[in-house]
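K.L.:
A predicted structure for the sequence below; I have some questions about it.
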Amino acid sequence: MSAPPAGAPRPPRYLGPLVAALSVAAVLLVLELALRVLGIADPLTRRDPFEGFAGTPSAFVLESERDGTRRLIVRPAKRELLGDLAFDLPKPAETFRIFCFGGSVMRGSPVGPPGSFCRTLGDALQAAHPALRIETLNLGVSGFGSLRVLELVREAAAYEPDLFVLYLGQNELRDAHFFPDALRRGRLETALRRALFASRAIAWLDARGGALIARLRGARVTSYGAEQIVRVLEEGRFRAAPIWRVPEVVPGLAPEPPGADVATAPPGALRTLARRLAGRPAYDDEIYPAFDRSLETMLELAREAGAPVLLPVQAWNARETTRFTTRPVLEGTLVGADAAERFRAHFADGVEAAQADRCAEALGAFDAAASLYAPGHAAEDLLLGSYRGECQLRLGRRDDARATFAARVPHAHRRLAARVREAVAEGGLASVDVEAVLAADSADGIPGYDDAFFDNVHLTPRANRAVGLALARAVEAREWLQPGPQQVPPPPEPTRAPNADVVIAHGWRAFQRGRDSEAEASAREALALDATEVQALLLLGYALESQGRTDEAQATLARLRELWAQLGARS
C-alpha cells in the first residue's frame with residue numbers, strides 16, 4: 001500500500017473515533033428498531049435493571065376498563081415481587097386505602113400476604129367499620145431495604161393513600177452486603193443509567209451480558225440463602241454443628257469495626273469512589289445515614305400526600321440459634337494467664353451440665369467463662385449468651401434471662417430500632433412495639449421459636465395475627481376512621497393451603513432446634529410439592545448429614561449441584 005503523497009492533508013485525529021462512535025450508534029439504532037418491531041425487551045415485561053433502587057420503573061401501570069374505570073395494576077415484570085394487586089384511580093367513595101411497606105416480614109413470608117399482619121390489620125378494621133371499604137395493599141417485597149422501599153412509597157404517594165404502614169430496618173445490612181454499588185449510586189449516575197435503559201437495545205444487551213456471566217460464573221448470589229448454597233457446593237459437604245457445643249478459641253485480637261477506614265480514607269465522594277473501585281462492602285458510615293435519609297423522605301412524602309403514618313418498631317428473635325457457623329473466640333478478647341484453656345474448660349463443663357439438666361451448675365460454669373472476657377466482649381459471644389439465657393429460664397430467673405437474651409440482639413438491629421423510635425417521638429407518630437406485642441403473647445415473656453418466629457425475624461401465623469390486631473388498635477386510637485374509635489374484633493382465621501415455602505420454614509425451625517428427623521420430613525414434604533426447590537434440598541442435606549447418613553447427604557448434594565447449575569443457566 002503506497003504512502004500518501006508528501007504534503008497531502010492528514011485526516012483530523014478525531015475522525016477515526018467519530019466514525020467508530022457513529023457506527024456503534026447506527027448498530028444500536030438498527031437493533032432498537034428491530035426489537036421494537038419484534039416486541040422484544042418491552043419495558044412492561046423486562047427485568048428491572050435497577051433491582052428496585054432509584055431509577056426503577058413504576059411498580060404499577062394504568063389500565064382503562066371498557067366502562068371507563070381506570071385501574072392500576074402491577075407491572076408484569078414486577079408481579080413476581082408484588083403479586084396481582086389492582087386498585088381504582090380515582091379512589092372510590094367510602095374507601096379507606098392502606099399501603100403497607102417493608103421487606104419479607106411485611107410480606108408475610110413464608111406464608112405470603114394472606115398470612116401477614118398487614119392482612120390482619122385490614123380485616124380487623126373492616127370488621128370494626130362495615131360501612132367503609134377498607135382497602136389494604138401489601139407492598140412488602142422480600143429483601144427490600146429502606147432505599148428500595150422508598151421508591152415504592154414515592155410512587156404510592158400519588159395514589160390517594162389514607163394510611164402508610166412502614167416496617168423498616170430489616171434489610172439494611174442485606175442490601176449493603178449484596179448491592180453496595182446501588183447504595184453508593186449518586187443522582188447523576190442514576191439519571192444517566194435511567195436514560196440508557198430507556199433504550200430497548202441497551203436493556204437487551206445488558207440482559208444478554210448478564211445471562212452470559214451467569215453461565216460462566218453460576219447463578220448470581222443476592223440472598224443469604226443462595227450464599228449458603230454456594231458455600232455448601234464449594235465445601236462439598238453439609239457441615240452443621242450440634243445444638244450444644246464448645247466454640248473454638250483461636251489466636252487474634254478484636255477485629256476493627258466496620259468502616260475503620262473513615263479516619264484515613266479521603267472524605268465524601270472520594271471515599272465512596274475509592275471503596276467502589278476496591279470492591280469494598282458498604283460500611284456503617286454509609287448504611288445508617290442512608291437509612292436516616294430514606295426514612296425522613298418517606299415521612300415527608302406521607303405528609304405531602306396527607307397520609308398519616310403508622311411506624312411499628314421491628315422485632316428480632318433474641319433466642320435465635322444457628323447450627324451453621326460458630327464464631328470462634330479470639331484469644332485477644334480474653335484476659336488473664338491461661339485464659340484460653342480456662343475458657344474452654346469452663347465452657348465444656350457448662351455444656352455437659354446443661355445437657356444433664358444440671359442448670360445451676362451449668363450457669364455457674366458459663367458465668368465463669370464469661371468472666372474471662374475483657375470488658376465489653378462477653379456480649380459478642382452469641383453462643384454463650386444463648387446457653388446462659390436458656391439456663392436462667394430453666395431456673396425460673398425470667399428477668400435475668402430477658403436481659404441476657406436482649407444483649408444477644410445484633411447491634412445493627414438495636415441501632416435501627418432506636419432510630420425508628422426517635423422518628424416516632426420526634427414526629428408524634430403512631431407506633432407499635434412489635435417485640436412487646438410478641439412478649440405479651442409469649443408463655444414466658446421472651447418470644448422465640450416456640451410461639452413467635454420461624455427464624456431470626458420472620459413471624460409465625462400466630463405472631464402475625466397478634467401484631468395485626470395491635471396495629472388495628474393503634475389505628476383506632478388515633479380516630480383516623482369515622483365513626484371511631486371502635487372495638488377491634490378479631491377477624492376470622494384465613495384458610496391457607498400448605499406451600500413449599502411454609503413447609504421449609506417449619507423444617508428449618510426444627511433443624512435449628514436439633515430435631516433433625518422432623519427437619520428431614522419437612523424437606524421431603526416440600527420436595528413432594530416442588531421437586532426443584534433448592535432450599536428444600538439444602539435442608540434435606542443438612543438433616544441427613546446431622547443424622548450421620550453421609551451417603552444420602554452426598555447424593556442430595558449432587559442433586560443440589562445439578563439444580564443450581566440449571567438456575568445459573570436460566571438467569
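P.N.:
Yep, that arrived.
K.L.:
from here on, contacts and neighbour counts on C-alpha atoms
P.N.:
Will do.
K.L.:
Helix, strand, or coil at the residue nearest in space to the middle of the chain?
P.N.:
Nearest residue to the geometric centre of the chain (C-alpha atoms, centre = their mean): Gly143, 3.4 Å. On the three-state scheme (DSSP: H, G, I helix; E, B strand; the rest coil), Gly143 is labelled coil.
K.L.:
In this structure it contacts Ser104, no?
P.N.:
Yes - counting by C-alpha atoms under 8 Å, Gly143 does reach Ser104; the two are 6.2 Å apart.
K.L.:
distance of Gly52 from Ala182?
P.N.:
10 Å (C-alpha to C-alpha, to the nearest Å).
K.L.:
Helix or strand with the lowest mean pLDDT in this structure?
P.N.:
helix 268-278 (a mean of 69; mean pLDDT, DSSP states H and E).
K.L.:
what's the following helix or strand after that one?
P.N.:
Downstream of helix 268-278, the next assigned helix or strand under DSSP states H and E is helix 284-305.
K.L.:
avg pLDDT for that next one?
P.N.:
Averaged across helix 284-305, the pLDDT comes to 95.
K.L.:
same thing with stretch 464-472?
P.N.:
pLDDT averaged over stretch 464-472 gives 96.
K.L.:
With stretch 247-255 instead?
P.N.:
79.
K.L.:
Please parse this protein into its domains.
P.N.:
329-406, 500-570 (automatic domain parsing).
K.L.:
re the thing from before, more neighbours: Gly52 and Ala182, which one.
P.N.:
Taking neighbours as other C-alpha atoms under 10 Å, Gly52 and Ala182 compare with Gly52 leading, 22 against 19.
K.L.:
you'd agree the more buried one is up against Leu150?
P.N.:
No - the pair Gly52 / Leu150 is not scored as a contact, 9.5 Å apart, by C-alpha under 8 Å.
K.L.:
Do a quick rundown of the strands in the chain.
P.N.:
For the chain, the strands defined by DSSP state E cover 60-64, 70-74, 86-88, 95-102, 133-140, 163-166, 249-250, 309-310, 329-330.
K.L.:
Run through the stretch 401-550 of the chain and note the low-pLDDT ranges.
P.N.:
483-497 (pLDDT under 70).
K.L.:
residue ranges of the helices in it, please?
P.N.:
Under the criterion DSSP state H, counting those that start in this stretch, helices of the stretch 401-550 of the chain are mapped to 411-427, 434-440, 461-478, 500-512, 516-529, 534-546, 550-570.
K.L.:
Is it possible to get a markdown table of those helices that adds mean neighbour count and distance to Glu331?
P.N.:
As requested, the helices of the stretch 401-550 of the chain are exported to a markdown table (neighbours: other C-alpha atoms under 10 Å; distance: least, C-alpha to C-alpha, whole Å):
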| stretch | mean neighbour count | distance to Glu331 |
| --- | --- | --- |
| helix 411-427 | 16 | 22 |
| helix 434-440 | 19 | 35 |
| helix 461-478 | 22 | 40 |
| helix 500-512 | 23 | 28 |
| helix 516-529 | 21 | 33 |
| helix 534-546 | 24 | 29 |
| helix 550-570 | 17 | 34 |
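K.L.:
And these: which comes nearest Asp84?
P.N.:
helix 500-512 (19.1 Å; C-alpha to C-alpha).
K.L.:
Give me the distance between the nearest residue to Ile229 once chain neighbours are set aside and Ala510.
P.N.:
Leaving aside its chain neighbours, Ile229 sits nearest to Leu538 (7.0 Å; criterion: C-alpha to C-alpha, 6 or more residues apart in numbering). Per C-alpha to C-alpha, Leu538 is found 14 Å from Ala510.
K.L.:
now do Leu529
P.N.:
Taking C-alpha to C-alpha, one finds Leu529 at 19 Å from Ala510.
K.L.:
for Ser58, same thing?
P.N.:
Ser58 is 40 Å from Ala510, by C-alpha to C-alpha.
K.L.:
just Arg419 next, same as before
P.N.:
33 Å.
K.L.:
What of Asp551?
P.N.:
Asp551 is 22 Å from Ala510, by C-alpha to C-alpha.
K.L.:
Convert stretch 162-178 to PDB, retaining C-alpha atoms only.
P.N.:
Extracted in PDB, the C-alpha atoms of stretch 162-178 (Å, rounded to 0.1, in the frame of the first residue of the first chain):
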ATOM      1  CA  ASP A 162     -55.200   7.200  53.700                       C
ATOM      2  CA  LEU A 163     -52.500   5.500  55.700                       C
ATOM      3  CA  PHE A 164     -48.900   4.300  55.300                       C
ATOM      4  CA  VAL A 165     -47.700   1.400  57.500                       C
ATOM      5  CA  LEU A 166     -43.800   1.200  57.400                       C
ATOM      6  CA  TYR A 167     -42.000  -1.800  58.800                       C
ATOM      7  CA  LEU A 168     -38.300  -0.800  58.300                       C
ATOM      8  CA  GLY A 169     -34.800  -1.800  59.300                       C
ATOM      9  CA  GLN A 170     -35.000  -5.500  58.400                       C
ATOM     10  CA  ASN A 171     -32.800  -5.500  55.300                       C
ATOM     11  CA  GLU A 172     -30.400  -2.600  55.600                       C
ATOM     12  CA  LEU A 173     -27.300  -4.800  56.000                       C
ATOM     13  CA  ARG A 174     -28.600  -7.300  53.400                       C
ATOM     14  CA  ASP A 175     -28.800  -4.600  50.700                       C
ATOM     15  CA  ALA A 176     -25.400  -3.200  51.800                       C
ATOM     16  CA  HIS A 177     -23.900  -6.700  51.500                       C
ATOM     17  CA  PHE A 178     -25.400  -7.700  48.100                       C
END
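K.L.:
ok, residues contacting it?
P.N.:
96-103, 106, 143-146, 183, 221-223, 281-283, 287, 291, 302, 306-314, 413, 416-417, 457 (C-alpha atoms under 8 Å, 6 or more residues apart in numbering).
K.L.:
Narrow those residues to those that are buried.
P.N.:
Burial by neighbour count, 16 or more other C-alpha atoms under 10 Å: within the contacts of stretch 162-178 this picks out 96-103, 106, 143-146, 183, 281-283, 287, 291, 302, 307-314, 413, 416-417, 457.
K.L.:
buried residues in stretch 66-85?
P.N.:
So for stretch 66-85, counting by 16+ other C-alpha under 10 Å, buried means Arg70, Arg71, Leu72, Ile73, Val74, Arg75, Pro76, Ala77, Lys78, Leu82, Gly83.
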